[in-house]
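Student: missing the sequence, but the structure's below:
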């Protein structure tokens, strides 16, 4: 069974440009999460999808970030325009359900560098 | 609100020695607790998790953790460290009421000396 896959694995863009990160969750997982770790900081929650609906987007830093999950399958996270402080690693995670016994699986991350 | 503290930013341990990583959490109800590891250039891998029941949890790679409610702690241990255990370790807390959203500690970077 394939795990959570993220694309691209690494991206270097200039300040002001746009970057779109993609996440393919494990098949059958309704819950999809985005997290990020900017340099020197903690891993922070960004948002949570249940199928195609945004369940919790309390961690989205500002309106330069847009996440979508059309059809409840893969998700994209767009940063437009990118700023220097957006550099870091963006993790996607998925889980089958919410509650006891559930495991949240993480992808390998998308490393973003804004120059 | 949930919070997690990992007091040690860096730990250096000799290969073959024991390792203990500290984790303290704050949450009003019984939390779900996790330890993840991130090796250089890799993603987050789940080492172990605690939801309920036996407070001593066994994980992969020879790791174990003990949930102590009275101390709000979930420390990670390994009896004998291997060079491949050099990585960054993250403790995290989640809760069903929060949609299983995870709150992470700041991480502890483990260096292994030959």
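Tutor: Perfect, thanks for sending it. All values reported here derive from a predicted model rather than from experimental measurement.

Student: Give me the three-state assignment for the residue in chain A that chain B sits nearest to.
Tutor: Closest residue of chain A to chain B, Cβ to the nearest Cβ: residue A:108 (3.3 Å). The way it works is simple: take the backbone N, C-alpha and C, and place the C-beta from them, glycine included. Using DSSP: H, G, I helix; E, B strand; the rest coil, the structure places residue A:108 in coil.

Student: Please report how far it lies from residue B:68.
Tutor: 32 Å (Cβ to Cβ, to the nearest Å).

Student: for residue B:38, same thing?
Tutor: Residue B:38 is 25 Å from residue B:68, by Cβ to Cβ.

Student: more neighbours, those two?
Tutor: residue B:38 (22 against 11; other Cβ atoms under 10 Å in any protein chain shown).

Student: So what's the residue count around the closest residue to the more buried one other than its chain neighbours?
Tutor: In this structure, residue B:38 finds its nearest non-sequential neighbour in residue B:88, 4.8 Å apart by Cβ to Cβ, 6 or more residues apart in numbering or on different chains. Number of residues near residue B:88 (other Cβ under 10 Å) recorded here: 18.

Student: what are the bridge partners for residue B:88, then?
Tutor: residue B:38, residue B:109 (DSSP bridges).

Student: Could you check the pLDDT of it?
Tutor: At residue B:88, the pLDDT value in this model is 96.

Student: Contacts only, for it.
Tutor: B:37, B:38, B:107, B:108, B:109, B:110 (Cβ atoms under 8 Å, 6 or more residues apart in numbering or on different chains).
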